[in-house]
Structure formats: C-alpha cells, structure tokens
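> Turn this into a structure:
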Amino acid sequence: MEQNKEQILIKRLLTKEEAAWKELFGSYSGNLSGVCTRYISGKDDIHDVLQNSFIKMFRSIETFEYRGSGSLRAWMIRITVNESLKHIQQHSGLTAHTDLDEFPDVPNDEEPDLEEIPQTVIMNMIQSLPDGYRTVFNLFVFEKKSHKEIAGLLGIAENSSASQFHRAKGLLVQKIKEFKMSKKAQYE
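Numbering: from 1, shown residues only. Next comes the predicted model:
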C-alpha cells in the first residue's frame, strides 16, 4: 500500500526532522491562526497560542494516531482549540460564574439571514461577542461539541452552555440586522 503525502510527513515529524516541522508550520499555520482567531482577540495572544500549540504538537507527535486522510489536520486543530481554551481560562476569567445577566436576552425565533454578508464581516461579528458567548458559540458551531462536552471543557453547567449559546446567537442576529440596516441606509 502506497503512502500518501500526509503519511510521509508524519513519519518525518516522528523523527523530529527540522525541515518537516518547517513544512508543517508553513502548510498549516495560516489555518490554525484562523482557529485561534475564532477564540482569541489580540495578535500577540493569537501568536502565543499558536506557538504553544506547535510546541505541544512537537512534544506529543508520538501520541498521534493516523486514521486516514485529514486526521493530522484534525489532531492539530484539536490541540489548537485546547490551547486557545487554556489561554482564555488563564487570561480572561472565563469561569462557571460567567454573568449571564450582563447582556439582555435577545429573542431568537429566527435563523440569521447570512446572504450578502461577507464571511470576514460575520467572523468579526463572532469575534466581537463577549468571551464566554464566543467560546461556547465556537465550540458548538465549529467544533461540533455538545453542551455537555462544552460544560466539561469549560467547567460550567450544561444549561449555562446552552444559555450562553442562545444569547450569542441572539446577539449575532441583532448584529446582522444592524449590519443590513446600515447597508440599506447607505443605498437610500
């Protein structure tokens, strides 16, 4: 059975070949930086988390188990998300006591209409959410975690995770409506 490019790279990584690590960084750092950006604001913090993620990958490459094409990328994303969560918990005070009354309940009967909104604008809207809301939203939407899993990862109650997701979604609906209203006003 012939090995694919990913499997060959993994073998080279296991031997701690410097050129392989440079190749890995060059190929994946942009994507992983985007993962960090979903959770963390501030270029210096993103850089720190990304660096810590690659250090963790370097130190734990022996634990990686190849499960088919894309499994290396998935493993790297999981490490980066975990490092991002660790950073949030250490630096922004995300705890089980996140104040849910800080932001009003926003009715959320409708799904947000994302048509005609650039992806960068949507990502900026997500980035502007309060830390707890943004973290729960990202874990639920992008990482496909259940509220039970999110609660375990963040040390919060399961219903707190669901509530924070609901409020994050409501705030995003509100931001999307405001964006569309401002665009509409520009053309009138």
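> how many other residues sit next to Ala157?
12 (other CB atoms under 10 Å). Any C-beta I mention is one placed from the backbone N, CA and C, and that applies to glycine too.
> So what does it look like in phi/psi?
phi -70, psi 150 (degrees, to the nearest 10).
> and Val81, how far is that from Ile117?
25 Å (CB to CB, to the nearest Å).
> Revised request: answer the last question for Gly68.
Applying CB to CB to Gly68 and Ile117 gives a distance of 34 Å.
> which one of those two has more residues nearby?
Ile117 (16 against 10).
> Does the more buried one belong to a helix, a strand or coil?
Classification of Ile117 using DSSP: H, G, I helix; E, B strand; the rest coil returns coil.
> from memory it sits against Glu178, does it?
No. Counting by CB atoms under 8 Å, Glu178 is not a contact partner of Ile117; they are 11.4 Å apart.
> Which residue ranges make up each domain of the protein?
For the chain, the TED database gives the domain ranges 5-91, 119-186.
> who does the top helix by length along the chain touch, helix- and strand-wise?
Secondary structure of the chain per DSSP state H: the longest helix is helix 158-186. In terms of contacts (3 or more CB pairs under 8 Å, 6 or more residues apart in numbering; DSSP states H and E), helix 158-186 is packed against helix 119-127, helix 131-141, helix 147-154.
> Quick one: neighbours of the closest residue in space to Lys145 that isn't next to it in sequence, just the number.
In this structure, Lys145 finds its nearest non-sequential neighbour in Leu139, 4.5 Å apart by CB to CB, 6 or more residues apart in numbering. Using other CB under 10 Å, Leu139 has 24 other residues around it.
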